[in-house]
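Chemist: how would this look folded up:
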Amino acid sequence: MTKKLEENSDIELYNLLDSEKKTSDRAFAELYNRLSPRVYAYCRRFLGNKEEAQDVFQEVFVRFFNSTKQKREMTNVPAFILRIARNLCVNAKRNERVNISYEDYMYIHDDDRDEKDELLNLIKKAIDLLPEDYREVFILREYDGMTYNDIAEITGESLSNVKVRIYRAKQKIREILQPYMKEMEKYN
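Modeler: All right, here's what the predicted structure looks like:
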């Protein structure tokens, strides 16, 4: 009795990408179904722009598919594809380079929104204000729930460097949100 394609591990599916066309296409489709939500969410959070995230997201899977033509031993498919996504997101951000001041974010008020939406928007903006290397590891850890080891593998940084950057990202977010939180205390 043969195993259904869906029952294969990510690594087994990756190895099937080198098979005949029909099997390869099905294996790719299964990997895409498994990994695409996570990859898109990462691109969306990293870039903050839906259209740009969709473009990068598509390019990630094109590059992933093309990478299967190279012989390599695969040990962690999600980490490999997130590394591709990371590199493309970093390049997209580097090409964008829009400077936004801290004050522009701090004085955004919309009376129609409730406090929860306002706080969520402020948190998103605080994350956007983080230096790129802090933002990236913070997103991987807090939004994608990745381990420090996986983050180190994806970013090519040492484990201790990853831990320090995540710690500093959290400190920076607290600093950015502190004036808002003090303002909120006045009204509670």
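
Chemist: which stretches of the protein aren't confidently modelled?
Modeler: Within the chain, the ranges that satisfy pLDDT under 70 run 1-2, 96-117, 119, 183-188.

Chemist: Please enumerate the strands of it.
Modeler: For the chain, applying DSSP state E gives no strands.

Chemist: Buried residues in stretch 52-69, which are they?
Modeler: Using 16 or more other CB atoms under 10 Å as the test for burial, stretch 52-69 gives 52-53, 56-57, 59-61, 64, 68. Bear in mind the C-beta positions are built from the backbone N, C-alpha and C, glycine included.

Chemist: same check, this time on stretch 25-40
Modeler: Neighbour counts using 16+ other CB under 10 Å place 26-28, 30-31, 35, 38-40 of stretch 25-40 among the buried residues.

Chemist: Next: stretch 17-26.
Modeler: Neighbour count says stretch 17-26 has 17, 24, 26 buried, by 16+ other CB under 10 Å.

Chemist: Among the buried residues of stretch 52-69, which one sits closest to L177?
Modeler: Distance to L177 across the buried residues of stretch 52-69 (CB to CB) is lowest for A53, with 24.4 Å.

Chemist: dump the residue contacts of that closest one.
Modeler: For A53, the contacting residues are 40, 43-44, 46-47, by CB atoms under 8 Å, 6 or more residues apart in numbering.

Chemist: at 6 Å instead, please
Modeler: Contacts here follow CB atoms under 6 Å, 6 or more residues apart in numbering; on that basis A53 touches 43-44, 47.

Chemist: Buried ones in the longest helix along the chain, by neighbour count?
Modeler: For the chain, the helix with the greatest residue count under DSSP state H is helix 159-187. Counting neighbours by 16+ other CB under 10 Å, one finds that the buried residues in helix 159-187 are 162-163, 165-166, 168-169, 172-173, 176-177, 180.

Chemist: Can you tell me which helices and strands that helix packs against?
Modeler: With contacts taken as 3 or more CB pairs under 6 Å, 6 or more residues apart in numbering; DSSP states H and E, helix 159-187 sits against helix 115-129, helix 132-138, helix 148-155.

Chemist: Out of those, which gets nearest to I84?
Modeler: That would be helix 148-155 among the helices and strands packed on helix 159-187, by CB to CB, at 9.5 Å.
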